[in-house]
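In: Predicted model, plus sequence, below.
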Amino acid sequence: MSLASTETELARIIKERRSVHQFDSREVETDLVRELLDTAVWAPNHRLTQPWRFVLVHGAGRERLANIARGNIEKRESDPAKREEMGRKFYDRFMNVPVFLVVVQKENPNMAVREDDFAAMSCLIQNFSLLAWERGLGLVWESYPLLAQSEFRETLGIVAGERAIASLHIGYPAKVPTAQPRIPAAELLTVINQP
Ligand SMILES: Cc1cc2nc3c(=O)[nH]c(=O)nc-3n(C[C@H](O)[C@H](O)[C@H](O)COP(=O)(O)O)c2cc1C
């Protein structure tokens with residue numbers, strides 16, 4: 001494969017990838033998720049701190065997250081008539097996600113390192129997203145407040161000194177959203193080529 005064709009294929013995947021919210025019922029092989037992750041960890045990472053770990057939730061395990069989501073919405077809904085309906089809606093929404101991959105950052109006490117680590121985590125997630133897309137899988141990076149909630153953390157075994165930075169909802173897309181246009185980089189580029 002020539003260098004030019006490799007670049008073209010990568011560019012296509014980068015541009016075509018979308019955040020996917022609706023999944024079909026096709027099962028996602030967890031071995032595939034493991035394989036993609038094992039490639040994704042080759043992200044650039046200053047000082048090679050490798051600040052990540054992952055929690056994979058699928059099958060009946062999803063009930064844990066769906067129950068938390070249901071409990072949250074039920075607490076917020078003051079109308080008793082709507083409470084159960086809303087709870088069920090959120091429960092179903094979570095149960096319709098084939099696989100959750102929660103990405104956990106070990107929080108370095110040095111804030112400068114921690115910031116670099118977050119950047120590396122983001123690179124890893126983008127690696128994973130592109131690899132997944134190449135294999136027909138879609139996902140969305142969810143950063144909902146649930147991630148910081150103690151019940152969510154305890155359920156997933158996230159301990160002090162760790163932060164869940166993303167809950168990736170992963171599955172085969174039932175619907176791919178239309179792309180939102182990007183500002184061409186040429187309009188954002190300052191070129192300095194004079195002394
Ligand atoms: C750090 C980060 C957090 C995000 N959090 C959410 C989220 O909580 N919910 C959501 O629907 N999308 C979330 N997204 C996805 C963006 O909304 C999405 O990338 C953006 O709308 C562009 O769409 P595209 O990914 O299809 O190009 C997040 C993306 C990033 C990078």
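Out: Sure thing, it's come through. The shown structure was predicted, so the numbers you read here are calculated from the model rather than taken from an experiment. Numbers count the residues shown, from 1 in each chain.
In: May I ask you to confirm that Gln105 belongs to a helix?
Out: No - membership of Gln105 in a helix is not supported by DSSP: H, G, I helix; E, B strand; the rest coil, which gives strand.
In: what about whichever strand or helix holds Asn72, near the ligand?
Out: Assessed by DSSP states H and E, Asn72 sits inside helix 62-76. No - contact of helix 62-76 with the ligand (CB under 6 Å from any ligand atom) is absent, the minimum separation being 13.3 Å. For glycine as for every other residue, the C-beta is placed from the backbone atoms N, C-alpha and C.
In: Downstream of that helix, the next helix or strand is which one?
Out: Following the chain from helix 62-76 toward its C-terminal end, the next helix or strand by DSSP H and E is helix 80-95.
In: Give me the angle between that next one and helix 62-76.
Out: Using axes from the mean of the first three to the mean of the last three CA atoms, to 10 degrees, the interaxial angle of helix 80-95 with respect to helix 62-76 works out to 150 degrees.
In: Residues touching helix 80-95, excluding its own?
Out: Contacts to helix 80-95, defined as CB atoms under 8 Å, 6 or more residues apart in numbering, come from residues Arg62, Glu63, Leu65, Ala66, Asn67, Ala69, Arg70, Gly71, Asn72, Ile73, Glu74, Glu77.
In: got the buried residues for it?
Out: Judged by neighbour count (16 or more other CB atoms under 10 Å), helix 80-95 contains these buried residues: Arg83, Gly87, Phe90, Tyr91, Phe94, Met95.
In: Tell me the pLDDT of the last one.
Out: According to the per-residue confidence, Met95 scores 98 in pLDDT.
In: so how far is the ligand from it?
Out: For Met95, the distance to the ligand equals 18 Å [CB to the nearest ligand atom, to the nearest Å].
In: Just give me the longest helix of this protein.
Out: Within the chain, and with DSSP state H defining each element, the longest helix by residue count is helix 111-134.
In: What average pLDDT does that one get?
Out: Mean pLDDT, taken over the full extent of helix 111-134, equals 98.
In: which element follows it toward the C-terminus?
Out: Sequence-wise, the next helix or strand beyond helix 111-134 is strand 138-142, with elements assigned using DSSP H and E.
In: Tell me how far the host helix or strand of Ser167 lies from the chain's centre.
Out: Secondary structure assignment for Ser167, by DSSP H and E: strand 162-171. Between the centre of strand 162-171 and the centre of its host chain there is 5 Å, according to CA atoms, centre = their mean, to the nearest Å.
In: So in that sheet, which strands flank it, and in what orientation?
Out: Looking at strand 162-171 with DSSP bridges, its partner strands are strand 99-106 (antiparallel), strand 138-142 (antiparallel).
In: Is that strand positioned near the ligand?
Out: No - with CB under 6 Å from any ligand atom as the threshold, strand 162-171 lies outside contact range of the ligand, at a closest distance of 6.9 Å.
In: per-residue confidence averaged over that strand?
Out: Along strand 162-171, the predicted local confidence has a mean pLDDT of 98.
In: got the angle for it vs helix 111-134?
Out: 10 degrees.
In: I appreciate the help and will end here.
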